[in-house]
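S.K.: whatever this is, show me its structure:
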Amino acid sequence: MTGTNTSAKRNISIDYLRGLAATGILCYHMYLFNFGEADSSSILAKIKIYGVAIFYVISGLTLSLVYLNKLQFNKASIGDFYFKRAVRVIPLLWLATILQVLIDSNHGWPPLKKIATNVTVFYGSFKPSTFLVGGAWSIGNEILFYLLFPLLVWLIVKNIKLFYLALLIIAAPFFYYTFKGLNPAVTLGHQWDTYANSFDQFIYFAIGILFGTFQPALVKFKNYLPVFIIILVLLFTYYPVTGEPIQLVVGPTRIALSLLTVAVCYLFYNCDFEFLPGFIKVILKFLAECSYSIYLLHQIIYAGLQRFVHSTPVVMITLTVTLTLILSYISYNYFELFFMNWGKRYVQKKRADKLVASSF
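M.R.: Here you go, the predicted model:
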């Protein structure tokens with residue numbers, strides 16, 4: 001496969017970007033909960049939308065780097081892939097759902113059907129509003145993307161042109177919703193299920209896979225890449241748009257901001273941040289490792305504090321951010337890692353048992 005990236009080495013730079021995106025979404029929600037919806041001209045409103053797009057691109061890119069030359073098209077290999085993805089994503093999602101239900105219990109218990117859809121997680125890929133946890137809609141989309149990932153890898157291995165054709169097909173719903181399916185005269189909140197559905201978002205994940213099919217091509221410009229990243233971020237920040245956040249996801253504005261977003265992802269993929277001071281790399285590594293917990297838990301923590309603390313926005317924001325960082329550290333090191341390591345051991349044991357059985 002010409003141009004295919006044969007390295008499965010973890011890319012620290014895109015991990016940094018994942019952590020920054022999660023932190024940006026945390027900042028947006030702190031503003032939303034305390035001061036109201038941000039105008040679309042605000043960087044926070046843009047992060048609300050395109051921070052999640054960054055997650056999708058990075059997810060596709062990371063999986064592509066790891067599995068493009070590793071995934072085999074048989075039941076065992078694909079089953080192991082699905083299992084590893086499940087133990088990485090679902091335990092924390094279930095925990096967050098339980099916490100959300102308990103926090104909201106003073107308003108009554110959710111219908112049994114809604115609880116069931118949250119436990120199974122798949123239905124949310126088609127109706128994001130069924131999720132009880134704020135932000136979990138994107139996890140539902142990710143799960144559907146994981147299900148389709150082996151097919152996209154198969155297309156790449158079979159004939160890269162088939163993958164390019166698939167990209168065009170995947171892009172079609174994105175362009176439909178951008179120019180037709182979403183009404184710029186109606187608030188984004190009233191169209192959230194339409195905007196957040198997986199078919200509208202799938203193109204970001206697929207572009208991430210595309211990036212992973214090639215070795216980083218800009219390494220010879222590595223000294224200039226941080227400057228390019230800053231320029232793109234400034235263009236993203238000051239892109240001229242105003243009004244309700246729906247304006248960020250319709251028409252040429254969405255195309256421009258999406259291109260800037262995926263370009264930043266690609267530059268991070270190519271960039272080497274070894275020049276950063278050690279303490280900054282420690283902070284970025286912490287945010288990267290805890291990004292999933294930060295993303296899923298911060299709204300739950302804020303809601304929990306609201307039940308017991310009645311104070312100024314500054315106090316609420318300080319408490320929420322502090323507790324989010326502390327609990328996310330605990331979650332990653334003592335909850336998420338537990339399930340990830342257990343999943344690895346289970347897969348390794350299953351493979352070893354199969355090898356022993358085949359030797360007789």
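S.K.: show me the contacts for Trp342.
M.R.: Applying Cβ atoms under 8 Å, 6 or more residues apart in numbering to Trp342 gives the contacts Val87. Using the backbone N, CA and C atoms, a C-beta is placed for each residue, glycine as well.
S.K.: Asp353 versus that one, what's the distance?
M.R.: Distance, Trp342 to Asp353, using Cβ to Cβ, to the nearest Å: 16 Å.
S.K.: contacting residues for Leu221?
M.R.: Not Leu; residue 221 is Phe. Neighbouring residues of Phe221 by Cβ under 8 Å, 6+ apart: Phe228, Asn270.
S.K.: got the contact list for stretch 26-46?
M.R.: By Cβ under 8 Å, 6+ apart, stretch 26-46 touches 24, 47-48, 51, 134, 236-237, 239-248, 257, 294-295, 298-299, 302, 313, 316-317, 320-321, 324.
S.K.: make a ChimeraX selection of the buried ones in the residues you listed.
M.R.: Listed next is the ChimeraX selection for buried residues among the contacts of stretch 26-46, using 16 or more other Cβ atoms under 10 Å:
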select :24,47,48,51,134,236,239,241,244,245,246,247,248,257,294,295,298,299,302,316,317,320,321,324
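S.K.: for Ile294, see how far away the closest residue to Ser291 other than its chain neighbours is.
M.R.: Distances taken as Cβ to Cβ, 6 or more residues apart in numbering put Ala22 closest to Ser291, at 3.9 Å, once the chain neighbours are dropped. Separation of Ala22 from Ile294 (Cβ to Cβ) stands at 4 Å.
S.K.: what are the boundaries of the helices in this structure?
M.R.: For the chain, helices defined by DSSP state H occupy the ranges 12-35, 43-67, 75-103, 112-120, 136-158, 160-176, 192-196, 198-212, 225-237, 251-270, 278-289, 291-308, 313-331, 337-358.
S.K.: Phe126 is nearest to which of these?
M.R.: Among the helices of the chain, the nearest to Phe126 by Cβ to Cβ is helix 198-212 (7.1 Å).
S.K.: please export the C-alpha coordinates of the closest one as PDB.
M.R.: Output in PDB follows, covering the C-alpha atoms of helix 198-212 (Å, rounded to 0.1, in the frame of the first residue of the first chain):
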ATOM      1  CA  SER A 198     -23.600  10.100  13.400                       C
ATOM      2  CA  PHE A 199     -24.000  10.500   9.700                       C
ATOM      3  CA  ASP A 200     -23.400  14.200   9.900                       C
ATOM      4  CA  GLN A 201     -20.200  13.700  12.000                       C
ATOM      5  CA  PHE A 202     -18.700  10.600  10.400                       C
ATOM      6  CA  ILE A 203     -16.600  12.500   7.900                       C
ATOM      7  CA  TYR A 204     -14.300  13.800  10.700                       C
ATOM      8  CA  PHE A 205     -13.500  10.300  11.800                       C
ATOM      9  CA  ALA A 206     -12.900   9.200   8.200                       C
ATOM     10  CA  ILE A 207     -10.500  12.100   7.600                       C
ATOM     11  CA  GLY A 208      -8.600  11.000  10.600                       C
ATOM     12  CA  ILE A 209      -8.200   7.500   9.100                       C
ATOM     13  CA  LEU A 210      -7.100   9.100   5.900                       C
ATOM     14  CA  PHE A 211      -4.300  11.100   7.700                       C
ATOM     15  CA  GLY A 212      -3.200   7.800   9.300                       C
END
